[in-house]
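Undergrad: Kindly generate the corresponding structure for this input.
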Amino acid sequence: MKKLHLKSILCLLVAGIISLLVSCSDDDAKGSGAAPTIATVSLAQNDSLVEQGYADNMYIIRGSGFLGTQKIYFNDTDTYFNSTLVTDEVILITIDRETPYSDASDELKVVTPMGTAIYHFVVAPPAPILTSFNPVNAADGEQITIYGSFFLDPVVTVGGVPAEVVSSTLTKIVAILPPGSNHKYVSVTTISGKSEWKTAVGTAIYDDVWYSPWTMEPWNNQEYVVNQEKAYQGTTFIKKAIPGWDNIQGNWAWDDQISQYTGIHFSARSDDAGKLVLVFNGNGWGDAAKSFVTTSEWKEYRYTWAELGGMPAALQNITFQEFTGATHNYYFDNFGYTVD
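TA: Numbers count the residues shown, from 1 in each chain. Below you'll find the model as predicted:
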């Protein structure tokens, strides 16, 4: 089951919620005055009855005696609820991502001043989150390591073709690429949903290491930081304190085998608000039109060949110029080609 954010269903629910609250306003004023009881639980997206739920999804609890609700628990986890979405007979609530799903009580509890209602309800594991894999340029039959979370009994596919899982934990999977993996996407599926990483196999320029003919000359004074938890892709990313209007330059090379690609991508961030200019194949120095803002959060940037001036004869160079006029710590990761 895919993760459903509150924002994605808010528009669908607003009309129903308003109607519900209005129609129940008289009941709210009176209340049942009795201990709460839970009759059913439904998935809010389509109001279908369910016997188990998933984190980050909204549910409708129906019953009676909910006025004055003080606490709601899923598997003994105190779960936030909006009191304006509670009437005497209906509660709308989203299951928290941190709710335990193994060795748990499998109970939903609603606590009011009049008592506690207990209802058997299973919380399934959250949908998997795939955060990266490496090496990106692994060949068919070679192993890749997939990083993420909630990998419970995972199934790995590459372009829809099953991959052999060699080993797995909740946060790491080792798998063997099946035939035909080049330029395909890696996905992880569990009982709770599916997650896909949007860097295709075989498209890396930099993924923990530079792939020939690309390097970054040491005179840039860059640092390679090994920290899988802080990397955007894989385990290692690039750091440089770039003075105002200065730059970090890739080496000059020539790769004309690029007709199968649609452009380039890379990821960047900075310790505080920064701004960089992409200098592509030597073009763009001081060009505000090719600038982009960086923050403390990683962001992937994608440029089509058209956005870079048209299909080039070759990829020759990728460089970044500092564009705030002040020194900032900048970080770079996951350089590669795009295929769609």
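Undergrad: who's residue 132 bridged to?
TA: Applying DSSP bridges to residue 132 gives these bridge partners: residue 147.
Undergrad: Now do it, the pLDDT please.
TA: What the model reports as pLDDT for residue 132 is 97.
Undergrad: How much space separates it from residue 160?
TA: Residue 132 sits 20 Å away from residue 160, going by C-beta to C-beta, to the nearest Å. To be clear about C-beta, it is placed using only N, CA and C from the backbone, and glycine gets the same treatment.
Undergrad: same check, this time on residue 43
TA: To residue 160, residue 43 is 27 Å away according to C-beta to C-beta.
Undergrad: Repeat that for residue 101.
TA: Applying C-beta to C-beta, the value for residue 101 to residue 160 is 28 Å.
Undergrad: So for the two, which residue has more residues nearby?
TA: Ranked by neighbour count (other C-beta atoms under 10 Å), residue 101 and residue 160 place residue 101 first, with 21 against 10.
Undergrad: Wasn't that one part of a helix?
TA: No. With DSSP: H, G, I helix; E, B strand; the rest coil as the criterion, residue 101 is assigned coil and is not in a helix.
Undergrad: So it is in contact with residue 124, correct?
TA: Yes. With contact defined as C-beta atoms under 8 Å, residue 101 counts as touching residue 124 (6.1 Å).
Undergrad: dump the residue contacts of residue 320.
TA: By C-beta atoms under 8 Å, 6 or more residues apart in numbering, residue 320 lies in contact with 242, 247-248, 268, 276-279, 330, 332.
Undergrad: Among those residues, which are located in strands?
TA: Judged by DSSP state E, strands contain the following of those: 242, 247-248, 268, 276-279, 330, 332.
Undergrad: Any idea how many residues pack against residue 148?
TA: Close neighbours of residue 148, defined as other C-beta under 10 Å, add up to 19.
Undergrad: err, residue 66, not the other one
TA: By other C-beta under 10 Å, 25 other residues sit near residue 66.
Undergrad: Hmm, residue 90 and it touching each other?
TA: Yes. With contact defined as C-beta under 8 Å, residue 66 reaches residue 90; the gap is 7.2 Å.
Undergrad: Any figure for the gap between the nearest residue to residue 313 once chain neighbours are set aside and residue 314?
TA: Excluding the flanking residues, the one nearest residue 313 by C-beta to C-beta, 6 or more residues apart in numbering is residue 256, at 6.2 Å. Distance, residue 256 to residue 314, by C-beta to C-beta: 4 Å.
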